[in-house]
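**Q** quick one: sequence plus predicted model below, questions after.
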Amino acid sequence: MSKYFTIVLILFITNNNGFVGKFSYAEKDTLEWSDFRGKPKFDSHFAASVNTGITYQWSYGKDKGEIELNYQVDSFCYPSLSWVKKGHMSEDLLSHEQLHFDISELHARIMRKRLKEYKAGKNIRRDLNKMYKLVERMRINMQERYDEETDHSKNKVNQAKWDKKIETLMWYYRDYTK
């Protein structure tokens, strides 16, 4: 048993470069270049890529005939899947990648708001899966539109517009940080 545990531990450390596999926005909301621990994709025309996403879990119970929904929604950054090419570590590029993380957190807040407003019925599982898929599709679409409109941080005018847009939306959903 201890031999197996040691092998698993070594594999975990090796596969994650000795670092934690992910961190949530609640744990750390500001990216640093040291968070980009993945191997750069030299065949990519991008200088950097941050890997982020949202997850949710839920359960429910009945109390006096009323359905009580419990849930947790988090946005994450995955350092071992995030990368930057040498010589491209600028503050402008880091700010651009930060907004990708912020966009994921924005959609986690949107999901929390929708879950809070959800009135549980007979098809909870179907309803929540549908809700998550919609929010995830919205997140992916916004991430893609952001990169297109900013030309991956090269269009400074549009980058500034997106910075303001996401700042405003994050403020609007400020009541859904947890």
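**A** Looks like it came in fine. Residues are numbered from 1 along each chain as shown.
**Q** any regions of the chain where pLDDT drops low?
**A** For the chain, the stretches flagged by pLDDT under 70 are 1-20.
**Q** all helices of it, in order?
**A** For the chain, helices defined by DSSP state H occupy the ranges 2-15, 91-117, 124-150, 156-172.
**Q** winner for burial among those?
**A** helix 91-117 (a mean of 20; mean count of other CB atoms under 10 Å). Just so you know, the C-beta spots here come from the backbone N, C-alpha and C atoms, and that holds for glycine as well.
**Q** what's the closest of the helices of the chain to Ala48?
**A** Set against Ala48 and scored by CB to CB, the helices of the chain come closest in helix 91-117, at 5.6 Å.
**Q** now the angle from the closest one to helix 156-172?
**A** If you take axes from the mean of the first three to the mean of the last three CA atoms, to 10 degrees, helix 91-117 sits at 30 degrees to helix 156-172.
**Q** OK, contacts around His88?
**A** Contacts of His88 were listed using CB atoms under 8 Å, 6 or more residues apart in numbering, and they are 47-48.
**Q** burial measure for the closest residue to Val84 other than its chain neighbours, as a count.
**A** Excluding the flanking residues, the one nearest Val84 by CB to CB, 6 or more residues apart in numbering is Ala48, at 3.9 Å. Using other CB atoms under 10 Å, Ala48 has 23 neighbouring residues.
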